[in-house]
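# Have a look at this fold, sequence not included:
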DNA sequence: ACCATTAATTACTCAGACAATTAGGTTAAG
DNA sequence: CTTAACCTAATTGTCTGAGTAATTAATGGT
(Lines give C-alpha, C1' and ligand atoms only; values in the text may rest on other atoms or scores of the structure.)
Protein backbone atom coordinates (compact mmCIF):
# COMPACT_ATOMS: atom_id res chain seq x y z
CA UNK A 1 0.00 0.00 0.00
CA UNK A 2 1.07 3.51 0.93
CA UNK A 3 0.82 4.77 -2.59
CA UNK A 4 2.27 8.25 -2.69
CA UNK A 5 0.15 11.14 -3.82
CA UNK A 6 1.06 13.92 -6.18
CA UNK A 7 -0.74 17.19 -6.84
CA UNK A 8 -2.79 17.65 -9.96
CA UNK A 9 -1.55 21.03 -11.08
CA UNK A 10 0.47 24.08 -10.01
CA UNK A 11 -0.72 26.65 -7.49
CA UNK A 12 -1.82 30.18 -8.19
CA UNK A 13 -2.01 32.57 -5.30
CA UNK A 14 -5.58 33.77 -4.83
CA UNK A 15 -6.18 37.43 -5.50
CA UNK A 16 -8.97 37.81 -2.93
CA UNK A 17 -8.20 40.77 -0.67
CA UNK A 18 -9.48 39.03 2.47
CA UNK A 19 -9.26 35.38 1.61
CA UNK A 20 -7.41 32.62 3.37
CA UNK A 21 -4.78 32.56 0.67
CA UNK A 22 -3.37 36.04 0.65
CA UNK A 23 0.10 34.52 0.77
CA UNK A 24 1.51 31.70 -1.22
CA UNK A 25 1.82 29.31 1.70
CA UNK A 26 -1.75 30.16 2.63
CA UNK A 27 -2.92 29.30 -0.86
CA UNK A 28 -1.13 25.97 -0.70
CA UNK A 29 -2.59 25.21 2.71
CA UNK A 30 -6.03 26.12 1.41
CA UNK A 31 -5.69 23.93 -1.66
CA UNK A 32 -4.36 20.94 0.21
CA UNK A 33 -6.68 21.41 3.17
CA UNK A 34 -9.73 21.59 0.95
CA UNK A 35 -8.51 18.55 -0.98
CA UNK A 36 -8.06 16.55 2.21
CA UNK A 37 -11.47 17.57 3.54
CA UNK A 38 -12.97 16.66 0.19
CA UNK A 39 -11.53 13.19 0.53
CA UNK A 40 -9.11 13.43 -2.38
CA UNK A 41 -6.24 12.49 -0.12
CA UNK A 42 -7.31 9.64 2.14
CA UNK A 43 -6.11 9.18 5.72
CA UNK A 44 -3.02 7.05 5.98
CA UNK A 45 -1.84 7.89 2.52
CA UNK A 46 1.43 9.71 2.23
CA UNK A 47 2.22 12.83 0.24
CA UNK A 48 5.22 12.38 -1.98
CA UNK A 49 8.37 13.92 -0.56
CA UNK A 50 8.91 17.61 -0.04
CA UNK A 51 11.14 18.11 -3.02
CA UNK A 52 8.88 16.27 -5.40
CA UNK A 53 5.63 17.79 -4.19
CA UNK A 54 7.01 21.32 -4.05
CA UNK A 55 8.41 20.96 -7.52
CA UNK A 56 5.12 19.72 -8.93
CA UNK A 57 3.30 22.57 -7.22
CA UNK A 58 5.94 24.86 -8.71
CA UNK A 59 6.76 26.50 -5.40
CA UNK A 60 9.82 26.52 -3.22
CA UNK A 61 10.25 24.06 -0.41
CA UNK A 62 10.01 26.88 2.15
CA UNK A 63 6.52 27.84 1.05
CA UNK A 64 5.44 24.22 0.87
CA UNK A 65 6.84 23.42 4.31
CA UNK A 66 5.16 26.41 5.91
CA UNK A 67 1.87 25.29 4.39
CA UNK A 68 2.40 21.82 5.80
CA UNK A 69 3.05 23.30 9.24
CA UNK A 70 -0.34 24.95 9.06
CA UNK A 71 -2.04 21.68 8.14
CA UNK A 72 -0.11 19.85 10.84
CA UNK A 73 -1.12 22.47 13.41
CA UNK A 74 -4.75 21.72 12.56
CA UNK A 75 -4.24 17.99 12.92
CA UNK A 76 -4.73 17.14 9.27
CA UNK A 77 -1.27 15.72 8.57
CA UNK A 78 1.83 14.59 10.39
CA UNK A 79 5.40 14.62 9.13
CA UNK A 80 8.23 12.40 10.26
CA UNK A 81 11.68 11.82 8.84
CA UNK A 82 11.94 8.77 6.67
CA UNK A 83 8.19 8.20 6.89
CA UNK A 84 7.10 11.28 4.96
CA UNK A 85 4.03 13.37 5.73
CA UNK A 86 0.83 11.37 5.87
CA UNK A 87 -2.79 12.32 6.24
CA UNK A 88 -3.97 11.64 9.78
CA UNK A 89 -7.16 9.71 10.60
CA UNK A 90 -10.28 11.81 10.62
CA UNK A 91 -10.65 11.82 14.41
CA UNK A 92 -7.41 13.76 14.73
CA UNK A 93 -8.66 16.63 12.55
CA UNK A 94 -9.60 19.85 14.34
CA UNK A 95 -12.95 20.04 12.62
CA UNK A 96 -14.01 22.93 14.85
CA UNK A 97 -11.17 25.12 13.64
CA UNK A 98 -12.79 27.96 11.67
CA UNK A 99 -10.37 27.57 8.80
CA UNK A 100 -10.88 23.80 8.62
CA UNK A 101 -14.63 24.38 8.60
CA UNK A 102 -14.13 26.76 5.72
CA UNK A 103 -12.26 24.07 3.83
CA UNK A 104 -14.98 21.55 4.62
CA UNK A 105 -17.58 23.86 3.10
CA UNK A 106 -15.34 24.82 0.19
CA UNK A 107 -16.41 21.68 -1.59
CA UNK A 108 -19.57 19.66 -1.36
CA UNK A 109 -20.06 19.52 2.41
CA UNK A 110 -20.71 16.11 3.90
CA UNK A 111 -24.38 15.89 4.84
CA UNK A 112 -23.76 13.83 7.96
CA UNK A 113 -21.22 16.35 9.18
CA UNK A 114 -23.57 19.29 8.64
CA UNK A 115 -26.20 17.42 10.60
CA UNK A 116 -23.78 16.83 13.44
CA UNK A 117 -22.94 20.53 13.51
CA UNK A 118 -26.57 21.45 13.83
CA UNK A 119 -26.96 18.87 16.55
CA UNK A 120 -24.07 20.48 18.41
CA UNK A 121 -25.67 23.84 17.89
CA UNK A 122 -28.94 22.51 19.20
CA UNK A 123 -27.11 21.44 22.35
CA UNK A 124 -24.97 24.49 22.95
CA UNK A 125 -27.09 27.45 21.96
CA UNK A 126 -30.16 26.81 24.14
CA UNK A 127 -27.88 26.30 27.12
CA UNK A 128 -26.03 29.47 26.23
CA UNK A 129 -29.30 31.37 25.99
CA UNK A 130 -30.24 30.16 29.44
CA UNK A 131 -26.92 31.30 30.88
CA UNK A 132 -27.27 34.61 29.07
CA UNK A 133 -30.68 35.10 30.63
CA UNK A 134 -29.08 34.76 34.03
CA UNK A 135 -26.04 36.94 33.49
CA UNK A 136 -26.93 39.50 30.80
CA UNK A 137 -26.24 43.16 31.47
CA UNK A 138 -27.46 46.30 29.74
CA UNK A 139 -24.61 46.37 27.23
CA UNK A 140 -25.25 42.81 26.15
CA UNK A 141 -28.95 43.47 25.71
CA UNK A 142 -28.15 46.51 23.59
CA UNK A 143 -25.88 44.42 21.36
CA UNK A 144 -28.65 41.90 20.83
CA UNK A 145 -31.23 44.58 20.10
CA UNK A 146 -28.91 46.28 17.61
CA UNK A 147 -28.21 43.01 15.86
CA UNK A 148 -31.90 42.18 15.65
CA UNK A 149 -32.56 45.61 14.20
CA UNK A 150 -29.88 44.94 11.62
CA UNK A 151 -31.51 41.65 10.72
CA UNK A 152 -34.82 43.43 10.26
CA UNK A 153 -33.38 46.19 8.11
CA UNK A 154 -31.41 44.00 5.77
CA UNK A 155 -32.77 40.53 5.15
CA UNK A 156 -30.96 37.24 5.49
CA UNK A 157 -30.55 37.23 1.74
CA UNK A 158 -27.88 39.93 1.99
CA UNK A 159 -24.43 39.64 3.43
CA UNK A 160 -25.16 42.44 5.88
CA UNK A 161 -28.19 40.56 7.14
CA UNK A 162 -26.24 37.38 7.68
CA UNK A 163 -23.60 39.35 9.56
CA UNK A 164 -26.30 40.79 11.80
CA UNK A 165 -27.53 37.26 12.43
CA UNK A 166 -24.01 36.25 13.47
CA UNK A 167 -23.81 39.34 15.68
CA UNK A 168 -27.03 38.37 17.42
CA UNK A 169 -25.84 34.91 18.29
CA UNK A 170 -22.41 36.20 19.21
CA UNK A 171 -23.94 38.74 21.55
CA UNK A 172 -25.76 35.95 23.38
CA UNK A 173 -22.60 33.90 23.67
CA UNK A 174 -20.66 36.89 24.98
CA UNK A 175 -23.38 37.58 27.52
CA UNK A 176 -22.66 34.20 29.08
CA UNK A 177 -19.19 35.42 30.02
CA UNK A 178 -17.92 31.94 29.18
CA UNK A 179 -14.71 31.99 27.12
CA UNK A 180 -14.98 28.38 26.02
CA UNK A 181 -18.51 28.96 24.76
CA UNK A 182 -17.41 32.10 22.94
CA UNK A 183 -14.65 30.26 21.14
CA UNK A 184 -16.99 27.46 20.24
CA UNK A 185 -19.36 30.07 18.89
CA UNK A 186 -16.71 31.35 16.53
CA UNK A 187 -16.67 27.90 15.00
CA UNK A 188 -20.34 27.08 15.03
CA UNK A 189 -21.39 30.53 13.87
CA UNK A 190 -18.94 30.30 11.00
CA UNK A 191 -20.40 26.96 10.04
CA UNK A 192 -23.94 28.25 10.32
CA UNK A 193 -22.98 31.16 8.14
CA UNK A 194 -21.69 28.77 5.51
CA UNK A 195 -24.85 26.71 5.62
CA UNK A 196 -27.21 29.68 5.43
CA UNK A 197 -25.28 30.95 2.47
CA UNK A 198 -25.58 27.47 1.04
CA UNK A 199 -29.27 27.52 1.80
CA UNK A 200 -30.05 30.77 0.08
CA UNK A 201 -28.02 29.73 -2.92
CA UNK A 202 -30.91 27.51 -3.87
CA UNK A 203 -34.15 29.10 -2.76
CA UNK A 204 -35.19 32.28 -1.05
CA UNK A 205 -35.94 32.38 2.63
CA UNK A 206 -39.18 30.51 3.14
CA UNK A 207 -39.99 31.94 6.53
CA UNK A 208 -39.46 35.15 8.47
CA UNK A 209 -36.85 34.40 11.15
CA UNK A 210 -37.32 37.66 13.04
CA UNK A 211 -40.13 36.55 15.40
CA UNK A 212 -38.12 33.52 16.52
CA UNK A 213 -35.17 35.71 17.37
CA UNK A 214 -37.40 38.25 19.07
CA UNK A 215 -38.79 35.58 21.41
CA UNK A 216 -35.27 34.62 22.44
CA UNK A 217 -34.34 38.23 23.07
CA UNK A 218 -37.46 38.87 25.13
CA UNK A 219 -36.84 35.84 27.33
CA UNK A 220 -33.25 36.88 27.96
CA UNK A 221 -34.33 40.42 28.72
CA UNK A 222 -36.87 39.04 31.17
CA UNK A 223 -34.17 36.98 32.88
CA UNK A 224 -36.12 33.82 32.22
CA UNK A 225 -33.58 31.02 31.56
CA UNK A 226 -36.13 28.31 30.86
CA UNK A 227 -38.02 30.39 28.35
CA UNK A 228 -34.80 31.54 26.68
CA UNK A 229 -33.59 28.00 26.35
CA UNK A 230 -36.89 26.83 24.92
CA UNK A 231 -37.15 29.73 22.47
CA UNK A 232 -33.64 29.10 21.24
CA UNK A 233 -34.36 25.39 20.92
CA UNK A 234 -37.27 26.18 18.64
CA UNK A 235 -35.19 28.61 16.62
CA UNK A 236 -32.42 26.12 15.97
CA UNK A 237 -34.90 23.38 15.17
CA UNK A 238 -36.62 25.52 12.56
CA UNK A 239 -33.30 26.52 11.06
CA UNK A 240 -32.36 22.86 10.87
CA UNK A 241 -35.60 22.07 9.12
CA UNK A 242 -35.03 24.79 6.53
CA UNK A 243 -31.55 23.50 5.85
CA UNK A 244 -32.75 19.94 5.62
CA UNK A 245 -35.27 20.90 2.95
CA UNK A 246 -32.76 22.73 0.80
CA UNK A 247 -30.18 19.98 1.11
CA UNK A 248 -32.55 17.31 -0.07
CA UNK A 249 -33.54 19.42 -3.05
CA UNK B 1 2.97 52.20 22.10
CA UNK B 2 3.78 49.00 20.20
CA UNK B 3 6.80 48.21 22.27
CA UNK B 4 8.56 45.31 20.62
CA UNK B 5 9.15 42.13 22.53
CA UNK B 6 12.26 40.05 22.65
CA UNK B 7 12.74 36.54 24.01
CA UNK B 8 14.40 35.98 27.33
CA UNK B 9 16.82 33.26 26.38
CA UNK B 10 17.76 30.75 23.69
CA UNK B 11 15.74 27.64 22.92
CA UNK B 12 16.63 24.08 23.71
CA UNK B 13 14.76 21.34 21.94
CA UNK B 14 12.85 19.23 24.42
CA UNK B 15 14.00 15.64 24.80
CA UNK B 16 10.57 14.21 25.58
CA UNK B 17 9.90 11.26 23.25
CA UNK B 18 6.24 12.13 22.70
CA UNK B 19 6.06 15.80 23.58
CA UNK B 20 4.90 18.73 21.51
CA UNK B 21 8.45 19.84 20.88
CA UNK B 22 10.10 16.93 19.17
CA UNK B 23 11.39 19.29 16.52
CA UNK B 24 13.03 22.62 16.87
CA UNK B 25 10.15 24.59 15.37
CA UNK B 26 7.80 22.70 17.65
CA UNK B 27 9.84 23.66 20.67
CA UNK B 28 9.76 27.31 19.63
CA UNK B 29 6.02 27.18 19.05
CA UNK B 30 5.58 25.55 22.46
CA UNK B 31 7.71 28.14 24.21
CA UNK B 32 6.06 31.13 22.53
CA UNK B 33 2.57 29.63 22.74
CA UNK B 34 2.90 28.95 26.44
CA UNK B 35 4.31 32.43 26.96
CA UNK B 36 1.38 34.02 25.13
CA UNK B 37 -1.16 31.95 27.03
CA UNK B 38 0.59 32.90 30.26
CA UNK B 39 0.12 36.55 29.41
CA UNK B 40 3.79 37.37 28.98
CA UNK B 41 3.14 38.72 25.51
CA UNK B 42 0.00 40.83 25.57
CA UNK B 43 -2.47 41.10 22.66
CA UNK B 44 -1.67 43.91 20.30
CA UNK B 45 2.00 43.91 21.13
CA UNK B 46 4.37 43.08 18.37
CA UNK B 47 7.23 40.59 18.37
CA UNK B 48 10.49 42.08 17.24
CA UNK B 49 11.37 41.28 13.65
CA UNK B 50 12.09 37.81 12.38
CA UNK B 51 15.81 38.29 12.06
CA UNK B 52 16.21 39.81 15.52
CA UNK B 53 13.97 37.30 17.25
CA UNK B 54 15.46 34.30 15.49
CA UNK B 55 18.95 35.49 16.30
CA UNK B 56 18.14 35.96 19.99
CA UNK B 57 16.55 32.51 20.07
CA UNK B 58 19.69 31.25 18.34
CA UNK B 59 17.77 29.49 15.60
CA UNK B 60 17.53 30.00 11.88
CA UNK B 61 14.89 32.18 10.36
CA UNK B 62 13.26 29.15 8.71
CA UNK B 63 12.66 27.38 12.01
CA UNK B 64 11.35 30.54 13.61
CA UNK B 65 9.00 31.23 10.72
CA UNK B 66 7.61 27.68 10.75
CA UNK B 67 6.90 28.05 14.45
CA UNK B 68 5.10 31.31 13.78
CA UNK B 69 2.99 29.62 11.12
CA UNK B 70 1.86 27.13 13.76
CA UNK B 71 0.89 29.92 16.15
CA UNK B 72 -0.82 31.80 13.33
CA UNK B 73 -2.77 28.68 12.36
CA UNK B 74 -4.12 28.54 15.92
CA UNK B 75 -5.12 32.20 15.84
CA UNK B 76 -2.59 33.37 18.39
CA UNK B 77 -0.64 35.75 16.17
CA UNK B 78 -0.83 37.39 12.77
CA UNK B 79 2.03 38.48 10.55
CA UNK B 80 2.01 41.16 7.89
CA UNK B 81 4.81 42.79 5.98
CA UNK B 82 6.00 46.06 7.43
CA UNK B 83 3.70 45.60 10.45
CA UNK B 84 5.50 42.64 12.00
CA UNK B 85 3.79 39.77 13.77
CA UNK B 86 1.49 40.84 16.59
CA UNK B 87 -0.39 38.90 19.20
CA UNK B 88 -4.08 38.74 18.31
CA UNK B 89 -6.87 39.61 20.75
CA UNK B 90 -7.93 36.77 22.99
CA UNK B 91 -11.21 36.13 21.20
CA UNK B 92 -9.32 35.09 18.07
CA UNK B 93 -7.42 32.34 19.88
CA UNK B 94 -8.51 28.76 19.18
CA UNK B 95 -8.75 27.94 22.85
CA UNK B 96 -10.35 24.58 22.07
CA UNK B 97 -7.34 23.41 20.08
CA UNK B 98 -5.79 20.57 22.10
CA UNK B 99 -2.31 21.99 21.76
CA UNK B 100 -3.42 25.47 22.83
CA UNK B 101 -5.15 23.92 25.82
CA UNK B 102 -1.91 22.20 26.67
CA UNK B 103 -0.11 25.53 26.57
CA UNK B 104 -2.80 27.10 28.72
CA UNK B 105 -2.27 24.44 31.36
CA UNK B 106 1.50 24.49 30.99
CA UNK B 107 1.59 27.47 33.31
CA UNK B 108 -0.74 28.56 36.07
CA UNK B 109 -4.12 28.01 34.41
CA UNK B 110 -6.58 30.87 34.61
CA UNK B 111 -9.26 29.98 37.14
CA UNK B 112 -12.04 31.66 35.19
CA UNK B 113 -11.11 29.76 32.08
CA UNK B 114 -11.07 26.42 33.89
CA UNK B 115 -14.52 27.22 35.24
CA UNK B 116 -15.77 28.03 31.74
CA UNK B 117 -14.42 24.71 30.49
CA UNK B 118 -16.30 22.82 33.16
CA UNK B 119 -19.41 24.79 32.34
CA UNK B 120 -19.05 23.75 28.71
CA UNK B 121 -18.54 20.18 29.82
CA UNK B 122 -21.65 20.42 31.97
CA UNK B 123 -23.57 21.47 28.88
CA UNK B 124 -22.19 19.02 26.35
CA UNK B 125 -21.66 15.78 28.22
CA UNK B 126 -25.18 15.28 29.60
CA UNK B 127 -26.60 15.95 26.15
CA UNK B 128 -24.10 13.54 24.69
CA UNK B 129 -25.07 10.90 27.23
CA UNK B 130 -28.70 11.31 26.24
CA UNK B 131 -27.88 10.89 22.56
CA UNK B 132 -25.72 7.90 23.38
CA UNK B 133 -28.63 6.31 25.24
CA UNK B 134 -30.70 6.58 22.07
CA UNK B 135 -28.12 5.40 19.59
CA UNK B 136 -25.72 3.09 21.43
CA UNK B 137 -24.95 -0.30 19.96
CA UNK B 138 -23.35 -3.39 21.46
CA UNK B 139 -19.81 -2.37 20.51
CA UNK B 140 -20.17 1.03 22.16
CA UNK B 141 -21.52 -0.54 25.34
CA UNK B 142 -18.60 -2.93 25.41
CA UNK B 143 -16.15 -0.02 25.10
CA UNK B 144 -17.79 1.73 28.04
CA UNK B 145 -17.81 -1.41 30.16
CA UNK B 146 -14.15 -2.08 29.40
CA UNK B 147 -13.20 1.46 30.26
CA UNK B 148 -15.12 1.32 33.52
CA UNK B 149 -13.41 -1.94 34.37
CA UNK B 150 -10.09 -0.25 33.72
CA UNK B 151 -11.03 2.61 36.02
CA UNK B 152 -11.89 0.12 38.72
CA UNK B 153 -8.68 -1.88 38.35
CA UNK B 154 -6.32 1.08 38.36
CA UNK B 155 -7.38 4.13 40.30
CA UNK B 156 -7.60 7.70 39.11
CA UNK B 157 -4.31 8.31 40.86
CA UNK B 158 -2.47 6.39 38.17
CA UNK B 159 -1.95 7.38 34.57
CA UNK B 160 -3.61 4.18 33.40
CA UNK B 161 -6.67 5.02 35.45
CA UNK B 162 -6.94 8.48 34.01
CA UNK B 163 -6.64 7.03 30.52
CA UNK B 164 -9.48 4.63 31.28
CA UNK B 165 -11.54 7.61 32.44
CA UNK B 166 -10.85 9.35 29.13
CA UNK B 167 -11.76 6.16 27.30
CA UNK B 168 -15.07 5.99 29.11
CA UNK B 169 -16.08 9.50 28.15
CA UNK B 170 -14.75 9.03 24.63
CA UNK B 171 -16.80 5.88 24.24
CA UNK B 172 -19.94 7.81 25.12
CA UNK B 173 -19.11 10.56 22.67
CA UNK B 174 -18.42 8.04 19.93
CA UNK B 175 -21.70 6.32 20.65
CA UNK B 176 -23.50 9.52 19.67
CA UNK B 177 -22.17 9.13 16.14
CA UNK B 178 -21.74 12.89 16.06
CA UNK B 179 -18.41 13.99 14.58
CA UNK B 180 -18.60 17.51 15.92
CA UNK B 181 -19.20 16.22 19.41
CA UNK B 182 -16.32 13.78 19.09
CA UNK B 183 -13.91 16.52 18.07
CA UNK B 184 -15.10 18.72 20.88
CA UNK B 185 -14.53 15.78 23.20
CA UNK B 186 -10.89 15.61 22.15
CA UNK B 187 -10.52 19.13 23.45
CA UNK B 188 -12.61 18.97 26.57
CA UNK B 189 -11.31 15.57 27.59
CA UNK B 190 -7.77 16.82 27.19
CA UNK B 191 -8.57 19.76 29.41
CA UNK B 192 -10.28 17.57 31.96
CA UNK B 193 -7.24 15.32 31.96
CA UNK B 194 -5.05 18.33 32.70
CA UNK B 195 -7.27 19.44 35.54
CA UNK B 196 -7.57 16.03 37.14
CA UNK B 197 -3.82 15.72 37.00
CA UNK B 198 -3.71 19.19 38.53
CA UNK B 199 -6.21 18.05 41.11
CA UNK B 200 -4.35 14.99 42.27
CA UNK B 201 -1.14 16.99 42.45
CA UNK B 202 -2.46 18.46 45.67
CA UNK B 203 -4.60 15.94 47.47
CA UNK B 204 -5.68 12.39 46.91
CA UNK B 205 -9.04 11.57 45.45
CA UNK B 206 -11.62 12.36 48.09
CA UNK B 207 -14.43 10.26 46.66
CA UNK B 208 -14.91 7.07 44.71
CA UNK B 209 -15.97 8.09 41.18
CA UNK B 210 -16.94 4.59 40.08
CA UNK B 211 -20.58 4.59 41.21
CA UNK B 212 -21.26 7.85 39.39
CA UNK B 213 -19.88 6.41 36.18
CA UNK B 214 -21.76 3.17 36.71
CA UNK B 215 -25.08 5.02 36.93
CA UNK B 216 -24.37 6.72 33.61
CA UNK B 217 -23.49 3.44 31.98
CA UNK B 218 -26.61 1.72 33.31
CA UNK B 219 -28.88 4.45 32.01
CA UNK B 220 -27.28 4.32 28.57
CA UNK B 221 -27.52 0.55 28.52
CA UNK B 222 -31.20 0.86 29.45
CA UNK B 223 -31.75 3.30 26.56
CA UNK B 224 -33.03 5.90 28.98
CA UNK B 225 -31.93 9.32 27.67
CA UNK B 226 -33.34 11.36 30.53
CA UNK B 227 -31.70 9.21 33.19
CA UNK B 228 -28.41 9.20 31.32
CA UNK B 229 -28.42 12.95 31.00
CA UNK B 230 -29.24 13.40 34.67
CA UNK B 231 -26.61 10.91 35.82
CA UNK B 232 -23.97 12.60 33.73
CA UNK B 233 -25.04 16.00 35.03
CA UNK B 234 -24.45 14.79 38.57
CA UNK B 235 -21.10 13.30 37.63
CA UNK B 236 -19.81 16.49 36.07
CA UNK B 237 -21.12 18.58 38.94
CA UNK B 238 -19.31 16.45 41.49
CA UNK B 239 -16.11 16.60 39.46
CA UNK B 240 -16.43 20.36 39.31
CA UNK B 241 -16.87 20.49 43.07
CA UNK B 242 -13.74 18.42 43.62
CA UNK B 243 -11.74 20.67 41.36
CA UNK B 244 -13.10 23.80 42.98
CA UNK B 245 -11.96 22.58 46.37
CA UNK B 246 -8.43 21.81 45.27
CA UNK B 247 -8.08 25.07 43.38
CA UNK B 248 -9.05 27.16 46.35
CA UNK B 249 -6.62 25.31 48.59
C1' DA C 1 13.49 -16.26 16.88
C1' DC C 2 15.38 -12.21 18.75
C1' DC C 3 18.32 -8.24 19.32
C1' DA C 4 22.11 -5.11 17.98
C1' DT C 5 24.16 -2.76 13.98
C1' DT C 6 24.15 -0.49 9.85
C1' DA C 7 22.52 1.90 5.76
C1' DA C 8 19.41 4.61 3.21
C1' DT C 9 15.70 7.74 3.06
C1' DT C 10 13.44 11.63 4.51
C1' DA C 11 12.36 15.56 6.93
C1' DC C 12 14.74 19.18 9.42
C1' DT C 13 17.87 23.12 9.96
C1' DC C 14 20.79 26.52 8.34
C1' DA C 15 22.52 30.57 5.46
C1' DG C 16 22.01 34.36 2.31
C1' DA C 17 19.89 36.72 -1.36
C1' DC C 18 16.02 38.89 -3.64
C1' DA C 19 11.00 40.03 -4.31
C1' DA C 20 6.44 41.57 -2.76
C1' DT C 21 3.72 43.95 0.38
C1' DT C 22 2.23 47.65 3.17
C1' DA C 23 2.30 50.95 7.25
C1' DG C 24 3.28 55.53 7.86
C1' DG C 25 4.80 59.71 6.55
C1' DT C 26 4.66 63.32 2.75
C1' DT C 27 2.66 65.94 -0.50
C1' DA C 28 -1.01 67.82 -3.09
C1' DA C 29 -5.71 68.92 -3.76
C1' DG C 30 -10.38 70.25 -2.08
C1' DC D 1 -8.22 72.16 7.99
C1' DT D 2 -9.50 67.85 6.03
C1' DT D 3 -8.98 64.43 2.78
C1' DA D 4 -6.99 61.85 -0.71
C1' DA D 5 -3.21 60.25 -3.49
C1' DC D 6 1.61 59.11 -3.54
C1' DC D 7 6.17 57.62 -2.08
C1' DT D 8 9.45 55.43 0.73
C1' DA D 9 11.41 52.41 3.82
C1' DA D 10 10.84 48.56 6.83
C1' DT D 11 9.30 43.93 7.21
C1' DT D 12 7.65 39.73 5.92
C1' DG D 13 7.45 36.55 2.01
C1' DT D 14 9.82 33.52 -1.43
C1' DC D 15 13.61 31.18 -3.48
C1' DT D 16 17.96 28.41 -3.83
C1' DG D 17 21.27 25.12 -2.23
C1' DA D 18 23.76 22.86 1.11
C1' DG D 19 24.40 20.05 5.13
C1' DT D 20 22.47 17.69 9.55
C1' DA D 21 19.71 14.72 12.27
C1' DA D 22 16.18 11.40 12.96
C1' DT D 23 13.74 7.18 11.76
C1' DT D 24 12.70 3.15 9.39
C1' DA D 25 14.09 -1.08 7.31
C1' DA D 26 17.29 -4.26 6.10
C1' DT D 27 21.22 -6.87 7.75
C1' DG D 28 23.86 -9.79 10.30
C1' DG D 29 25.13 -11.83 14.58
C1' DT D 30 23.61 -14.27 18.81
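That came through fine. From a predicted model like this one, the values you see are computed outputs, not experimental measurements.
# and stretch A:235-246, which residues are buried?
A:235, A:236, A:239, A:240, A:242, A:243, A:246 (16 or more other C-beta atoms under 10 Å in any protein chain shown). In this view, the C-beta of every residue, glycine as well, is placed from N, C-alpha and C.
# will you turn these into a markdown table that also has pLDDT, distance to chain B and secondary structure?
Below are the buried residues of stretch A:235-246 laid out as a markdown table (pLDDT from 0 to 100; distance: C-beta to the nearest C-beta, whole Å; DSSP: H, G, I helix; E, B strand; the rest coil):
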| residue | pLDDT | distance to chain B | secondary structure |
| --- | --- | --- | --- |
| A:235 | 93 | 17 | helix |
| A:236 | 90 | 13 | helix |
| A:239 | 83 | 16 | helix |
| A:240 | 81 | 14 | helix |
| A:242 | 77 | 19 | helix |
| A:243 | 73 | 15 | helix |
| A:246 | 66 | 20 | helix |
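# helix/strand/coil for residue A:219?
helix (DSSP: H, G, I helix; E, B strand; the rest coil).
# if we can go back for a sec, tell me which of the buried residues of stretch A:235-246 is nearest to residue A:121?
residue A:236 (5.6 Å; C-beta to C-beta).
# For that closest one, which residues are in contact?
Counting by C-beta atoms under 8 Å, 6 or more residues apart in numbering or on different chains, residue A:236 makes contact with A:118, A:121, A:122, A:125, A:126.
# make it 7 Å
A:121, A:122, A:125 (C-beta atoms under 7 Å, 6 or more residues apart in numbering or on different chains).
# picking up where we left off before, could I get the buried residues of stretch A:235-246 as JSON lines with distance to DNA strand D?
Shown next, in JSON lines, are those (distance: C-beta to the nearest atom of the strand, whole Å):
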{"residue": "A:235", "distance to DNA strand D": "40"}
{"residue": "A:236", "distance to DNA strand D": "38"}
{"residue": "A:239", "distance to DNA strand D": "37"}
{"residue": "A:240", "distance to DNA strand D": "39"}
{"residue": "A:242", "distance to DNA strand D": "40"}
{"residue": "A:243", "distance to DNA strand D": "36"}
{"residue": "A:246", "distance to DNA strand D": "37"}
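# Between those residues, which sits nearest residue B:74?
Using C-beta to C-beta, residue A:236 comes nearest to residue B:74 of those, at 28.2 Å.
# name the element the residue lying closest to the closest one once chain neighbours are set aside belongs to?
Closest residue in space to residue A:236, ignoring its immediate chain neighbours: residue A:122 at 4.7 Å, by C-beta to C-beta, 6 or more residues apart in numbering or on different chains. Using DSSP states H and E, residue A:122 sits within helix A:111-135.
# Could I get the average pLDDT for the following helix or strand past that helix?
As assigned by DSSP H and E, the chain's next helix or strand after helix A:111-135 is helix A:138-153. On average, the pLDDT along helix A:138-153 is 95.
# Over to stretch A:100-119?
90.
# Just the buried residues of it, please?
Quick answer for stretch A:100-119 (16+ other C-beta under 10 Å): A:100-106, A:109, A:113-119.
# And stretch A:147-158, by the same measure?
Buried residues in stretch A:147-158 (16+ other C-beta under 10 Å): A:147, A:148, A:150, A:151, A:155, A:156.
# and chain A, what are its domains?
Per automatic domain parsing, the structural domains of chain A span A:4-92, A:109-248.
# Spatially central residue in chain A, please.
In chain A, the residue lying closest to the centroid (C-alpha atoms, centre = their mean) is residue A:191, at 3.1 Å.
# how close does residue A:213 sit to residue A:147?
From residue A:213 across to residue A:147, the span is 9 Å (C-beta to C-beta, to the nearest Å).
# what do these two both touch?
residue A:168.
# tell me the phi and psi of the residue located most distally from the centre of chain A?
In chain A, residue A:82 marks the outermost C-alpha relative to the chain mean, sitting 34.6 Å out by C-alpha atoms, centre = their mean. Backbone geometry at residue A:82, expressed as degrees, to the nearest 10, gives phi 70, psi -30.
# Might you report the residue contacts of it?
Applying C-beta under 7 Å, 6+ apart, no residues qualify as near residue A:82.
# Can you check the pLDDT for residue A:199?
Per-residue pLDDT puts residue A:199 at 59.
# repeat for residue A:93
95.
# one step back: identify, from the buried residues of stretch A:235-246, the entry nearest to residue B:177.
residue A:240 (16.5 Å).
# and the gap between the closest one and residue A:118?
Per C-beta to C-beta, residue A:240 is found 5 Å from residue A:118.
# For DNA strand D, what's its nearest residue on chain A.
DNA strand D sits closest to residue A:24 of chain A, with a gap of 2.5 Å, by C-beta to the nearest atom of the strand.
# Could you report the pLDDT at that residue?
At residue A:24, pLDDT is 97.
# Please report how far it lies from residue A:37.
Taken as C-beta to C-beta, the span from residue A:24 to residue A:37 is 20 Å.
# For the two, indicate the residue with more neighbours.
Neighbour count, other C-beta atoms under 10 Å in any protein chain shown: between residue A:24 and residue A:37, residue A:37 has more, with 24 against 20.
# Got phi/psi on the more buried one?
Backbone torsions of residue A:37, given as degrees, to the nearest 10, read phi -60, psi -30.
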